[in-house]
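Asker: please work out how this folds:
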Amino acid sequence: MKPEETVDYNIKVAWHAISRMYNTQAAQNDITTSIGFVLLNIDQEKGTPATKIAPLLGLETRSLTRILRSMEEKGLIYKQADSVDKRSVRIFLTPLGLEKKEVSRQTVRHFNLKIREKIPQNQLDVFFKVAAQITSMIEGKTLFEEFVLKPLRQESAAS
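Answerer: Just a heads-up that it's a prediction; the model follows:
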């Protein structure tokens, strides 16, 4: 099977193209794609518990910690103890963070509008359905249940 005939290759190539496009736009606004996605997932009024952000983005906690530190240094966010659960920290946007969130929102919206202009809704519906099925299979951990790696046969010494 050629790489371009595999599902994972096509998903990876598409995501890398999208990521490069978003990074180009983000760099023009002194942020990164990761920062943009975090900004989009912070509630503007109530803030967002730090522990809720990583799962929303599919990130490891360590990666999120690094991103949040960078965002705090750039003046995009501030942290505040949760008023109900003092052990929890909520992340809030600064005025600059709100501005960059709007830039991120407009960038994502523009991308999606342009895609919808070129790709008919019925094709997008199939794409979304297939993507959801793939995600479900992966998260259900059923893909490799019956998979057994067969060792390569050793050439016998007699050959």
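
Asker: what is the longest helix of the chain by residue count?
Answerer: helix 95-118 (DSSP state H).

Asker: packing partners of that one?
Answerer: Using 3 or more C-beta pairs under 8 Å, 6 or more residues apart in numbering; DSSP states H and E, the elements in contact with helix 95-118 are helix 7-27, helix 33-40. Placement of C-beta: from N, CA and C, glycine included.

Asker: most packed of those helices?
Answerer: Looking across the helices and strands packed on helix 95-118 with neighbours counted as mean count of other C-beta atoms under 10 Å, the highest average goes to helix 33-40: a mean of 21.

Asker: that helix vs helix 95-118, what angle?
Answerer: Using axes from the mean of the first three to the mean of the last three C-alpha atoms, to 10 degrees, the direction of helix 33-40 lies 100 degrees away from that of helix 95-118.

Asker: and the contacts of helix 33-40?
Answerer: 19, 22-23, 26, 31, 53, 57, 59, 63-64, 67-68, 70-71, 74, 76, 93, 97, 100-101, 103-105, 107-108 (C-beta atoms under 8 Å, 6 or more residues apart in numbering).

Asker: swap in stretch 89-96?
Answerer: Outside stretch 89-96, the residues touching it (C-beta under 8 Å, 6+ apart) are 39, 42, 44, 46-50, 53, 68, 74-82, 101.

Asker: which regions of the protein lie under the pLDDT threshold?
Answerer: For the chain, the stretches with pLDDT under 70 are 153-159.

Asker: leaving out sequence neighbours, find the closest residue to the spatially most central residue of it.
Answerer: Central residue check for the chain by C-alpha atoms, centre = their mean: the C-alpha nearest the mean position is that of Leu57, 4.7 Å away. When the adjacent residues along the chain are set aside, Leu57 lies closest to Phe37, with 5.5 Å between them (C-beta to C-beta, 6 or more residues apart in numbering).

Asker: circling back to that earlier point, among the contacts of stretch 89-96, which are in helices?
Answerer: Among these, the ones falling in helices (DSSP H) are 39, 50, 53, 68, 101.

Asker: which one of the residues you listed sits closest to Glu117?
Answerer: Lys101 (24.6 Å; C-beta to C-beta).

Asker: for Thr32, what are phi and psi?
Answerer: Here is the backbone geometry of Thr32 (degrees, to the nearest 10): phi -120, psi 170.
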